[in-house]
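Colleague: Sequence below, structure please.
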Amino acid sequence: MAFPITNALRKLYFWSTLKSNGALPPQAYRAGLMFSRCARKGRMRTIFSCFFLLLFCGPKSIRADAKPSETTPIAPFRIAENLYYVGSQDLASYLVVTPKGNILINANLASSPTQIRASVEKLGFHWGDTKILLNSQAHSDHMGGAGEVVRETHAQNMVMDGDVSVVETGARTDFLSPSPNILTYAPVHVDRVLHDGDIVRLGNLTLTAHKTAGHTRGCTTWTMRTHVPGEQAGIMRNIVIVGGVGFWSEYHFVATPGHPVSYPSIAQDFRHTFSELRALPCDVFLGAHGRYFDMLTKLKQYPQAGPRVFIDSAGYKKFVADAQETFTRVFGKEKTAAAH
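Modeller: As a prediction, this is how the structure comes out:
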C-alpha cells in the first residue's frame, strides 16, 4: 500500500532542485532523486534512508567553495611570548598558551579544525590541552569549525552576547539570514555568555573581550598584554585582535521603503565600535583575517625581524580610520537616499 507523503516530507524535494545552481554536491543530488522516485512508489523505508543521507550532507557539504586563501595552510609562527598564529593564509586562528592549558581564538571554517590542529601540534603543543574556545564573530568562516573543536578538546565555548543565538542555531538567527552570504554551520552550545569588558582568565594570562558590534551583533575584539620576543626583558606590549568592521550591500543602516535597517541599533553599534577601537592602545596589530594587518607581507620580513614585525601601531590606526571613513560615507549615502 502506498504511504501518503506528508507536507513535511514534500519539503525535502527542494534539495534536488539545488543542483541546477551548483548548491548541492553530487551525492546529495542523487539522494534527492532517489527520494523523489521512492516517494512516488510509496517506499517509506527507502524514503527515510534518503532523508538521513540528505540530512548529513549539510550544512557543511552545501556551503559554497571557500576562497583558496581561507583554506591554504601556512607554517604556524610565534607572535608574542605566549601567543601563536595557527590559522590559514587569511583566516586567522590564535593559540594562547598558559601553564593551565591553552586558549584557541577562532575555529574558522567547518573544514579548518584539521589544519588548526596540525599547526598546534607542529608547534609542539597538545590539541587536548585546549581548554577555552573564543571567537571574533559568529559568521561561518570563524565559527564553522567550533563544534568539532569542542567535541575533540572539550573546550569551554565562550561567546559575546549578541552572537549567542547565532552560534547555537548555526547562523540561522543571524540578522541577515536567510542570505547566500550567511552560510549555516553545525550549531554549538555556548558555555559562557560574555559581555563587553569581560575578562577571560586561564593560568597566568588574561584576555579582555571588547564588544565591537555591527559586523555581527556580538563581534568581539580581544586585547591582552604580553612580552614580544626580541625586545628588552620586562617590556610589555598591548596586543589587539580586531574582530571585524566590514559590511556589504545587504547591510542597511538607514530605513528606506522596502529596506528596513538590518537591526535597530546597527548604526549606533558601528559608531561605538569605531570609538572603542580608536581608544584602545595598540602595539601589536592583529585581526580575524590576515589581510586586516597585512600578515603575508609582514611574514616576508619575519626571518630577519622576528615577531617584532607585527608591532604596527600606525597600521592599526590607519585600518580603523579607513573603516570608519567607509562606514560614514555609506551611511551618508543611505541617509540622503532616504530623504528623497
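
Colleague: Can you pull out the low-pLDDT segments for the stretch 1-150 of the chain?
Modeller: Across the stretch 1-150 of the chain, the stretches falling below the confidence threshold (pLDDT under 70) are 1-65.

Colleague: Strands of that one, residue ranges please.
Modeller: With DSSP state E, counting those that start in this stretch, the ranges of strands along the stretch 1-150 of the chain come out as 77-80, 83-85, 94-98, 101-105, 130-134.

Colleague: Pull up the pairing partners for the shortest one, direction included.
Modeller: So the one you mean is strand 83-85. The pairing partners recorded for strand 83-85 under DSSP bridges are strand 77-80 (antiparallel), strand 94-98 (antiparallel).

Colleague: Out of these, which is closest to Ala314?
Modeller: With distances scored as C-beta to C-beta, the stretch of those nearest to Ala314 is strand 77-80 (18.0 Å). From N, CA and C alone the C-beta is placed, and that goes for glycine too.

Colleague: Kindly export the closest one (C-alpha atoms) in PDB.
Modeller: Taking only C-alpha atoms (Å, rounded to 0.1, in the frame of the first residue of the first chain), the coordinates of strand 77-80 have been written out as PDB:
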ATOM      1  CA  PHE A  77      54.600  31.000  13.900                       C
ATOM      2  CA  ARG A  78      55.100  32.900  17.200                       C
ATOM      3  CA  ILE A  79      53.800  36.400  17.700                       C
ATOM      4  CA  ALA A  80      54.500  37.000  21.300                       C
END
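
Colleague: coming back round to it: hey, which of the strands of the stretch 1-150 of the chain is tucked in deepest?
Modeller: Sort the strands of the stretch 1-150 of the chain by mean neighbour count, taking mean count of other C-beta atoms under 10 Å, and strand 101-105 sits at the top with a mean of 24.

Colleague: What is the neighbour count of the nearest residue to Arg217 once chain neighbours are set aside?
Modeller: Ranked by C-beta to C-beta, 6 or more residues apart in numbering and with sequence neighbours excluded, the top spatial neighbour of Arg217 is Gly162, at 3.4 Å. Burial measure for Gly162: 23 neighbouring residues, criterion other C-beta atoms under 10 Å.

Colleague: Same question for Leu202.
Modeller: For Leu202, the tally of surrounding residues (other C-beta under 10 Å) stands at 18.

Colleague: With adjacent residues omitted, what lies nearest to it?
Modeller: What sits nearest to Leu202 in space, not counting adjacent residues and going by C-beta to C-beta, 6+ apart, is Thr98, at 4.9 Å.

Colleague: before we move on, what about Tyr85?
Modeller: Computed as C-beta to C-beta, 6+ apart, the closest residue to Tyr85 that is not its neighbour in sequence is Phe77, at 5.3 Å.

Colleague: Could you export stretch 136-153 as CSV, CA atoms only?
Modeller: Coordinates of each C-alpha in stretch 136-153 appear next as CSV, following Å, rounded to 0.1, in the frame of the first residue of the first chain:
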residue,chain,number,x,y,z
SER,A,136,35.9,37.1,16.8
GLN,A,137,32.4,36.8,15.3
ALA,A,138,29.6,34.3,14.6
HIS,A,139,30.0,34.0,10.8
SER,A,140,30.8,30.6,9.4
ASP,A,141,34.3,31.5,8.5
HIS,A,142,35.2,32.0,12.1
MET,A,143,32.7,29.6,13.9
GLY,A,144,32.0,26.9,11.4
GLY,A,145,34.6,24.5,13.0
ALA,A,146,33.6,25.3,16.6
GLY,A,147,31.5,22.1,17.0
GLU,A,148,34.4,19.9,16.0
VAL,A,149,36.9,21.7,18.2
VAL,A,150,34.6,21.4,21.2
ARG,A,151,33.9,17.7,20.5
GLU,A,152,37.6,16.9,20.2
THR,A,153,39.0,19.0,23.0
